[in-house]
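>>> model this:
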Amino acid sequence: MLPKDLTRDLKSRLNMLAGQLHGIVKMLDAETTEPEQILVQFKAVTNGLSTAEHLLLDEVFRKGLALQLVDVVGACPGDCQDAGRIEELRHEFPNLTEAELTQKMQELREIGGRLEQHNAEREKKTGNNA
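I've put the predicted structure just below:
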């Protein structure tokens, strides 16, 4: 679920872009409009969509990655096979680009799966030694 303030911001941006697109259609209908003016409007719409996309990606994926990171840090007792990589990801996190976020999320999902297996095996050993 998206936060309400982000949803409101995105809808506002999209409504503005819809108005710009409508303006481009009118410019195309007007036979006196210079192609350069139309191109400027196309670029404005493209930039507006790009900004909206970046807002969404940053909100959804950066927060999702942060939550995954918290989960794996909490699940790793310090001696798990991925402890070093988890620490590296913690340090990389603030500087990750949007393009890297989904890749790191996948990596953390894989680490999380290994941690579940590691912790289940640990529990078995502890349970057998009790």
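
>>> and the longest helix anywhere in the chain, which residues are buried?
Scanning the chain for the longest helix, with DSSP state H as the assignment, gives helix 98-129. Along helix 98-129, these residues count as buried under the neighbour rule (16 or more other C-beta atoms under 10 Å): 101, 104-105, 107-108, 111-112, 115, 118. All C-beta atoms are positioned from the backbone trio N, CA, C, and that covers glycine.

>>> Which strands and helices lie in contact with the one helix or strand in the chain whose mean pLDDT sits lowest?
Sorted by mean pLDDT, DSSP states H and E, the helices and strands of the chain end with helix 98-129, the least confident at a mean of 85. The helices and strands touching helix 98-129, judged by 3 or more C-beta pairs under 8 Å, 6 or more residues apart in numbering; DSSP states H and E, are helix 35-57, helix 63-75, helix 83-92.

>>> pLDDT (mean, whole number) over the first one?
The one in question is helix 35-57. Helix 35-57 carries an average pLDDT of 94.

>>> contact partners of that helix?
Contact with helix 35-57 is made by 2, 6, 9-10, 13-14, 16-17, 20-21, 23-24, 27-28, 98, 101, as judged by C-beta atoms under 8 Å, 6 or more residues apart in numbering.

>>> Alright, calling it a day.
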